[in-house]
Structure formats: structure tokens, C-alpha cells
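1. model the structure of this input:
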Amino acid sequence: TLHIMAAVQLRNATPGRIYFDAKKAAGKTSMEAMRALKRRLSNVVYRRMVHDQQTRQAAGPGGHSGTTRQSSVTDLPPDIGSSDKPQPGPTTTQPNPHFPAAS
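-> This is a model prediction of the structure:
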């Protein structure tokens, strides 16, 4: 991954390209300058990982800062099963005259 990062940095006018060119101008070979650039990129990645870890540790439950384990909801809504729902009207036990009874 660091190699790909370094190669992309060299394709464009980036701070990585400026760093690489400075190393070459200081007498380093291309491979030495590339190694130095990868080392610099690894330092950036490491600092980012440490920062992210510190941010996660400072965050509350669920990974978000400012959260608590106490819920602000007083109670959950009641669970209404299908048998608890009101029917549209009274049911009839009389057979429907439009449909013949099944034998």
C-alpha cells in the first residue's frame, strides 16, 4: 500500500513529489529517494492511526462522542400483536349466500 501511495505521489505535483525531487537533488538514488518517501508516508499513516485510536477511546458508547449508556427514551412503545388489533366490524357466522358452502 505504501508503494502505491508513493507511486501516485510521484505522478503529480504533490508534496511527496517535491520531497522525492529534493532527495534526488541531495544525491540519493531513485530507489533511496523512493524508500525515504515511503518512510515519510508510513509516518503520516501511523500518526493518523494513533489519532483515530485516541478519538475512538475518547468517544462514548457506540463510538460517538457525547453519548451515554442511559437512554433518553422513557419507555418503549407497546408491542401490538395481530390479535390485539381491533377488527373492522363484527364478524358473522352466517354463510355468505353468494358463495355455495364447501362440501
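
2. what helix or strand is residue 57 located in?
-> Per DSSP states H and E: residue 57 is located in helix 30-58.

3. mind listing what's buried in that helix?
-> Residues 33, 34, 36, 37, 38, 40, 41 are the ones in helix 30-58 that count as buried (16 or more other C-beta atoms under 10 Å). For the C-beta atoms, the positions are set from N, CA and C on the backbone; glycine is no exception.

4. a markdown table please, covering these and showing distance to residue 18 and pLDDT.
-> Shown next, in a markdown table, are these (distance: C-beta to C-beta, whole Å; pLDDT from 0 to 100):
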| residue | distance to residue 18 | pLDDT |
| --- | --- | --- |
| 33 | 11 | 97 |
| 34 | 14 | 96 |
| 36 | 12 | 96 |
| 37 | 10 | 96 |
| 38 | 15 | 96 |
| 40 | 11 | 96 |
| 41 | 14 | 95 |
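
5. before we move on, the earlier item: the helix holding residue 57 packs against which elements?
-> Contacts defined by 3 or more C-beta pairs under 8 Å, 6 or more residues apart in numbering; DSSP states H and E place helix 30-58 against helix 2-11, helix 15-25.

6. closest to residue 47 out of those?
-> Among the helices and strands packed on helix 30-58, the nearest to residue 47 by C-beta to C-beta is helix 2-11 (14.1 Å).

7. got any ranges where this structure has weak pLDDT?
-> Applying pLDDT under 70 to the chain flags residues 60-97, 99-103.

8. make CSV out of the buried residues of helix 30-58 and add distance to residue 19.
-> Converted to CSV, the buried residues of helix 30-58 look like this (distance: C-beta to C-beta, whole Å):
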residue, distance to residue 19
33, 8
34, 11
36, 7
37, 6
38, 11
40, 6
41, 9
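
9. that older thread, in a markdown table, list the helices and strands packed on helix 30-58 along with distance to residue 57 and mean neighbour count.
-> As requested, those are exported to a markdown table (distance: least, C-beta to C-beta, whole Å; neighbours: other C-beta atoms under 10 Å):
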| stretch | distance to residue 57 | mean neighbour count |
| --- | --- | --- |
| helix 2-11 | 26 | 14 |
| helix 15-25 | 30 | 15 |
